[in-house]
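**Student:** build the 3D model from these lines:
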Amino acid sequence: MKKVATVVILFLAFGAGGVSMLGGRSDGTSQDTAPIIEQPEDPAESKLLLLVNKDNKLPDNYVPDLSSGLPIDEVLFDDFVEMRKEANREQVFLMIASAYRTADEQEKLFNELGAEVAAPAGYSEHQTGLAIDFAYNGRTQEETDRMWNWLSRNAYRYGFIERYPEGKEHVTGFDFEPWHYRYVGRQHAKNIYEKGLVLEEYIGRRGA
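**Tutor:** Now for the predicted structure:
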């Protein structure tokens, strides 16, 4: 019952999230900035470290576990709830603007907004259920800055990484997006955060 109640509370928060923030490619990024990287073979690791970007397509048979009642994969539900509670205690309020999208939803966005703003279906992390865009519409600039700062300092402790950080556009192929976080599990997130890497670099080093 405790988990069901939590889902209801979070669902209400999600409903108030507002306009979604869409991943966009960085202008002038060449096709070879985010090379195709071999994925981990272990099933659990494969899911947590699943790389989806403009050069790495989501597997056709991939199906996220959306049993939590939120548009996020079940694997990150508990850590998301814990992170949100801790942020609330520090007067930082995390709400989801956009999370899981179906292929049809992603393709519609791509057709409406174009390649400069949205990724085509099959090449968006949002289809994994492991990515979250946190809402900032309706907030003051001070509230928004406090949220970005809190997430950048603390999200890794709950298994999330800032997916498209400033200064790494040439690696990720995407513009800086302080709202977009990706779940990789606590240990991987800690490693990535402490080494100052992005997912492409981290997976590449593990496979080297």
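
**Student:** list the contacts of residue 50.
**Tutor:** By Cβ atoms under 8 Å, 6 or more residues apart in numbering, the contact list for residue 50 reads 39, 58, 62, 128, 130. C-beta here means a position set from N, CA and C on the backbone, and glycine is covered the same way.

**Student:** tell me what the top helix by length along the chain is packed against?
**Tutor:** Secondary structure of the chain per DSSP state H: the longest helix is helix 74-89. Helices and strands touching helix 74-89, by 3 or more Cβ pairs under 8 Å, 6 or more residues apart in numbering; DSSP states H and E, are helix 2-15, helix 141-154, strand 160-164, strand 177-183.

**Student:** most neighbours of all the contacts of residue 50, which one?
**Tutor:** residue 130 (27 neighbours; other Cβ atoms under 10 Å).

**Student:** the spatially closest residue to that one that is not a sequence neighbour and residue 108, how far apart?
**Tutor:** Leaving aside its sequence neighbours, residue 130 sits nearest to residue 183 (Cβ to Cβ, 6 or more residues apart in numbering; 4.7 Å). Between residue 183 and residue 108 the computed distance is 25 Å (Cβ to Cβ, to the nearest Å).

**Student:** who's more crowded, these two?
**Tutor:** Comparing residue 183 with residue 108 by neighbour count (other Cβ under 10 Å), the higher total belongs to residue 183, at 28 against 14.
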